[in-house]
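# pasting the structure only:
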Ligand code: F6P
């Protein structure tokens with residue numbers, strides 16, 4: 001039992017203290033009793049002296065007589081009474097002359113006192129004992145003249161009463177000391193038990209439970225001493241920290257196992273594709289563009305999710321990326337076949353550029369893709385425009401891309417990953433030419449509902465073109481559902497809802513969601529450490545962001561991104577909470593995009609005007625609430641702003657995924673920032689810990705900005721940590737591995753007839 005040794009310890013302590021107290025009190029009592037005894041003896045002796053002086057004259061006189069006569073003379077006066085035992089008279093030579101009856105019995109015991117009195121000529125006080133009785137002896141010289149001693153008079157007292165009284169007092173003191181000892185022991189044992197032993201016992205028990213059972217209860221409160229209590233609190237905190245670190249480490253170990261890396265994807269791709277099958281990615285947008293600026297060639301990485309996502313995949317797996325060479329210095333920076341190896345500073349794969357005429361680019365890219373399909377697929381209230389001429393260019397351009405792919409493959413075999421709405425016809429063109437190719441199509445933008453899609457006059461051809469792919473990927477399940485609904489309504493085909501597959505003319509296409517993601521920032525060539533700090537300091541100074549809370553937006557300038565809604569929310573935030581004026585700045589890094597389309601050009605102008613109005617309304621002393629930085633910002637700058645910003649705002653009116661949201665989360669190694677995210681961006685499904693807003697609801701949006709600015713550190717950290725883990729785990733390598741695995745698992749069955757735009761059986765079902 002735990003209590004026994006503790007009780008023994010308390011008892012020992014009690015007895016020790018009692019012994020100290022007992023010894024102290026005992027010695028004081030002893031002193032006291034002794035003093036009283038001496039006082040009593042002094043009284044007796046004073047009395048003896050008085051008695052002796054009274055008898056001295058008669059005794060002196062009697063000594064002048066012979067002994068017998070002197071005895072007769074003195075005898076009646078030498079008897080005692082009660083404690084006075086009596087008197088005795090001696091000659092200077094020690095001969096007893098006369099004594100009381102009692103004294104005569106022990107007169108021989110008085111000889112020493114008599115001889116000493118004679119020798120010193122002074123009174124002598126001595127102690128004798130007769131038959132166990134203590135006797136006080138007072139001897140006085142009988143000196144009729146100074147220096148002439150005639151005899152010695154002795155007075156004897158029985159002092160038994162003094163000894164008895166002293167003994168009685170000692171017994172009494174002893175009794176009280178005993179009581180005091182018992183009381184002390186009891187008090188000490190009780191006090192130490194209540195004050196120390198029991199709380200320490202409870203504390204030890206609590207520690208045991210914290211250590212072994214992971215209990216979350218607070219430390220016991222009765223712990224003595226504030227210091228120990230605060231140490232206990234700390235100990236508890238460190239126990240928990242140690243445990244949660246342990247848990248985190250084991251979670252991190254599991255997490256690390258789950259995280260896909262570039263190397264893991266490379267190994268996986270080789271296994272999935274086989275040794276002889278090459279990987280080909282085909283998209284409109286190229287990953288590296290050569291542009292002439294001020295007479296110099298600059299390599300630009302275009303803004304947008306497609307490049308962000310696919311470049312790391314090609315870097316990991318190698319292969320060929322076929323894309324439109326849209327840069328004005330692209331031709332001069334590629335070989336005769338339009339090829340070059342990229343990334344320029346660390347070549348990992350081949351970029352094959354497809355050349356389009358200005359008219360083709362205008363009709364196919366600006367016209368059909370971005371004035372037709374783009375607004376068709378985004379519910380951003382922008383009216384799609386479909387021109388027959390644009391459609392012709394679209395078909396022609398898609399054929400060019402397909403030809404480039406087939407040219408690259410030559411006689412070999414390949415898995416082809418077709419990207420996005422600009423190339424909807426490419427899968428069927430490839431399948432028609434090379435049925436054994438494994439073809440995947442990933443649709444980076446939302447898929448509309450069947451009613452919306454029916455607007456497109458070329459809907460059946462678009463769908464048939466897409467269904468040349470063995471695997472069709474969208475970001476969300478909802479997009480997959482809408483796509484199958486659309487196919488069901490528009491094409492004569494067989495739908496397998498159980499397996500999410502469409503069979504068109506004997507060829508089966510599987511449809512599945514693959515939420516796309518990003519590459520870790522740590523793998524990219526962006527500054528870190530002191531270099532990053534210096535870069536941030538420069539940016540802050542340049543844009544007057546030194547003392548303010550920075551919120552950030554990073555977008556291609558596109559009407560689907562909800563930029564006016566975002567600016568208005570910032571305006572409303574400052575209207576409602578003016579205390580944030582001078583303390584809050586929203587920075588928008590806006591990359592101009594598709595500027596040959598009037599709607600896009602107008603949009604930039606519209607945004608600049610709006611930012612200007614809002615700034616004019618709130619600005620003072622050099623501070624402006626909105627910094628709208630319209631330019632192509634390189635990855636390092638975007639990263640520095642993301643690391644600097646306390647908040648990132650993504651307010652898309654409709655977005656397939658929106659990788660800016662994930663990029664921001666990935667740029668938070670300290671788990672510090674807040675993400676405000678539109679519910680209409682695909683990313684909102686995965687990043688539920690963001691502050692989710694409806695960008696059309698300005699009041700709610702402004703309140704979310706305020707909630708984000710005022711969010712306490714613990715909540716901020718917890719939310720960002722969960723999001724960052726999700727993004728780390730579901731990174732771009734995992735996305736690519738999942739897509740390749742699924743593509744490799746599809747059976748490549750040739751269609752029984754052409755699946756191309758002119759598919760004869762295509763019909764519109766109303
Ligand atoms: O988000 C759709 C998308 O086509 C992406 O695939 C691409 O990253 C982005 O738009 C950029 O568009 P553009 O190539 O027209 O600049």
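Right, received. Where do you want to start? Quantities reported herein were computed from a predicted structural model and do not represent experimental measurements.
# how about the residue of the chain found nearest the ligand, what does it touch?
Here the chain gets closest to the ligand at one residue, residue 304, 2.5 Å apart by Cβ to the nearest ligand atom. Yep, even glycine has a C-beta here, placed from its N, CA and C like the rest. Contacts for residue 304 (Cβ atoms under 8 Å, 6 or more residues apart in numbering) come out as 285, 556, 593.
# Is it possible to get a markdown table of the residues you listed that adds pLDDT, neighbour count and distance to residue 737?
Formatted as a markdown table, these follow (pLDDT from 0 to 100; neighbours: other Cβ atoms under 10 Å; distance: Cβ to Cβ, whole Å):
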| residue | pLDDT | neighbour count | distance to residue 737 |
| --- | --- | --- | --- |
| 285 | 98 | 19 | 23 |
| 556 | 97 | 18 | 27 |
| 593 | 97 | 19 | 30 |
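# Export those residues as JSON lines, with columns for distance to residue 34.
Formatted as JSON lines, these follow (distance: Cβ to Cβ, whole Å):
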{"residue": "285", "distance to residue 34": "113"}
{"residue": "556", "distance to residue 34": "108"}
{"residue": "593", "distance to residue 34": "112"}
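# Let me know the closest of these to residue 657.
Set against residue 657, the nearest of these by Cβ to Cβ is residue 556 (13.6 Å).
# ok, what's across the strand from the closest one?
With DSSP bridges as the criterion, residue 556 is bridged to residue 591.
# right, and it touches residue 595 too?
No: if you go by Cβ atoms under 8 Å, residue 556 and residue 595 don't touch, sitting 10.7 Å apart.
# which residue ranges form the strands in the stretch 301-450 of the chain?
Using DSSP state E, counting those that start in this stretch, the strands of the stretch 301-450 of the chain run over 320-324, 339-342, 349-354, 413-419, 438-442.
# could you dump those strands to a markdown table with mean neighbour count and distance to residue 579?
Shown next, in a markdown table, are the strands of the stretch 301-450 of the chain (neighbours: other Cβ atoms under 10 Å; distance: least, Cβ to Cβ, whole Å):
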| stretch | mean neighbour count | distance to residue 579 |
| --- | --- | --- |
| strand 320-324 | 26 | 49 |
| strand 339-342 | 16 | 50 |
| strand 349-354 | 22 | 52 |
| strand 413-419 | 25 | 47 |
| strand 438-442 | 26 | 46 |
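# could you dump these to a markdown table with mean pLDDT and distance to residue 12?
Below are the strands of the stretch 301-450 of the chain laid out as a markdown table (pLDDT from 0 to 100; distance: least, Cβ to Cβ, whole Å):
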| stretch | mean pLDDT | distance to residue 12 |
| --- | --- | --- |
| strand 320-324 | 98 | 85 |
| strand 339-342 | 98 | 83 |
| strand 349-354 | 98 | 82 |
| strand 413-419 | 97 | 82 |
| strand 438-442 | 98 | 81 |
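# can I get those in a markdown table with distance to the ligand?
A markdown table is the format used below for the strands of the stretch 301-450 of the chain (distance: least, Cβ to the nearest ligand atom, whole Å):
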| stretch | distance to the ligand |
| --- | --- |
| strand 320-324 | 9 |
| strand 339-342 | 17 |
| strand 349-354 | 14 |
| strand 413-419 | 7 |
| strand 438-442 | 9 |
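# Output the below-cut-off pLDDT ranges for this structure.
1-6, 204, 207-219, 223-257, 748-766 (pLDDT under 70).
# Was I right to think residue 570 contacts residue 628?
No: Residue 570 is beyond contact range of residue 628, at 10.8 Å (criterion: Cβ under 8 Å).
# Which of the two has more residues huddled nearby?
Neighbour count, other Cβ atoms under 10 Å: between residue 570 and residue 628, residue 570 has more, with 25 against 22.
# Return the residues of the stretch 401-550 of the chain in contact with the ligand.
Contact residues (Cβ under 6 Å from any ligand atom) of the stretch 401-550 of the chain with the ligand: 420, 444-445.
# Residue 682: how many residues sit nearby?
That count, for residue 682 with other Cβ under 10 Å as the rule, works out to 26.
# In contact with it, which residues are there?
Contacts of residue 682 by Cβ under 8 Å, 6+ apart are 446, 475-476, 515, 655-658.
# For the residues you listed, give me JSON lines that also has neighbour count and distance to residue 378.
Converted to JSON lines, these look like this (neighbours: other Cβ atoms under 10 Å; distance: Cβ to Cβ, whole Å):
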{"residue": "446", "neighbour count": "24", "distance to residue 378": "6"}
{"residue": "475", "neighbour count": "28", "distance to residue 378": "13"}
{"residue": "476", "neighbour count": "18", "distance to residue 378": "14"}
{"residue": "515", "neighbour count": "20", "distance to residue 378": "18"}
{"residue": "655", "neighbour count": "30", "distance to residue 378": "8"}
{"residue": "656", "neighbour count": "27", "distance to residue 378": "9"}
{"residue": "657", "neighbour count": "26", "distance to residue 378": "13"}
{"residue": "658", "neighbour count": "26", "distance to residue 378": "12"}
